[in-house]
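Visitor: how would this look folded up:
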Amino acid sequence: MSTSVLPSAVSVLPAAVLDWLTARYMSDPTPSSWMTDEGVEVGLTVTILFDDFADYLLKAGLDLQSILGNFRNAGLIGDGMVEVTASDNPADKLDHYAARLNLTIGRHRVVRIRSAILDAKRETAPAAPQYVSRDQLALICGLRSKKTIERWLEDGKLPPPDIEGGGGKPDQWIWATVREALATETRKILPERFPSMHQPS
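Guide: Numbers count the residues shown, from 1 in each chain. The predicted model follows:
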């Protein structure tokens, strides 16, 4: 069997593909040991057909080459060719994965899913920015009115609003950009996410 050696690297990996590969790994009750052409044992793997992986990515609208490269570089999969040959000895049995995949005599491209897939971190979507008004800034700082906020703005101690109000709508700040300056002025530890988020009023 000829299969690429897996380098050690870290990539950003989509959770849906991780989950799909993990499910395929878990569906095989007897993962097999994998030895590279260089004689390096890389632990337990589960073998699937390359066409199955490619078909899943195509239906999911994902780029095959980039996904394949990222997962290979992260050390979670390997891909290559296997050859199933005829034997003169009727007692000989196909390798476990070859029998499970119903591989016919000939060459087949496969993907080896490594056991490391079970511990791979899932990609999480970044939190949406939180927009807060002067009233909300005053409230979380424990100020009696927003006049103190206005004074800090005039003195340049706070950044200008990310969205300027007008027509009855308030100025708005992205909480992540104003939090540090507020913490400096109030000498308080303020949360990374604004609690009980409501629309600015």
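Visitor: helix or strand for residue 97, which one?
Guide: helix 96-100 (DSSP states H and E).
Visitor: after that helix, next one along is what?
Guide: Next element after helix 96-100 (DSSP H and E): strand 106-114.
Visitor: would you map out the domains in the chain?
Guide: 2-119, 131-186 (automatic domain parsing).
Visitor: what's next to the helix or strand hosting residue 177, contact-wise?
Guide: Taking DSSP H and E as the definition, residue 177 sits inside helix 175-186. Defining contact as CB atoms under 8 Å, 6 or more residues apart in numbering, one finds that helix 175-186 is touched by 129-132, 137, 140-142, 152, 157-159, 162, 188-190, 192-194. For the C-beta atoms, the positions are set from N, CA and C on the backbone; glycine is no exception.
Visitor: those residues, buried ones only, as a PyMOL selection?
Guide: A single PyMOL command selects the buried members of these (16 or more other CB atoms under 10 Å):
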select buried, resi 130+131+132+137+140+141+152+158+190+194
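Visitor: lowest average pLDDT across the domains of the chain?
Guide: With a mean of 79, domain 2-119 has the lowest mean pLDDT of these.
Visitor: chain center to that one, what's the gap?
Guide: Taking CA atoms, centre = their mean, to the nearest Å, one finds domain 2-119 lying 20 Å from the centre of the chain it belongs to.
Visitor: if we can go back for a sec, now find how far off-centre the helix holding residue 177 is within its chain.
Guide: Going by CA atoms, centre = their mean, where helix 175-186 is centred and where its chain is centred differ by 30 Å.
Visitor: helices or strands next to the helix or strand where residue 45 lies in the packing?
Guide: Assigned by DSSP H and E, residue 45 falls within strand 41-49. Counting by 3 or more CB pairs under 8 Å, 6 or more residues apart in numbering; DSSP states H and E, the packing neighbours recorded for strand 41-49 are helix 15-26, strand 32-35, strand 77-84, strand 106-114.
Visitor: can I get those in JSON lines including mean neighbour count and distance to residue 97?
Guide: What follows is these, written out as JSON lines (neighbours: other CB atoms under 10 Å; distance: least, CB to CB, whole Å):
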{"stretch": "helix 15-26", "mean neighbour count": "16", "distance to residue 97": "12"}
{"stretch": "strand 32-35", "mean neighbour count": "14", "distance to residue 97": "6"}
{"stretch": "strand 77-84", "mean neighbour count": "17", "distance to residue 97": "8"}
{"stretch": "strand 106-114", "mean neighbour count": "19", "distance to residue 97": "8"}
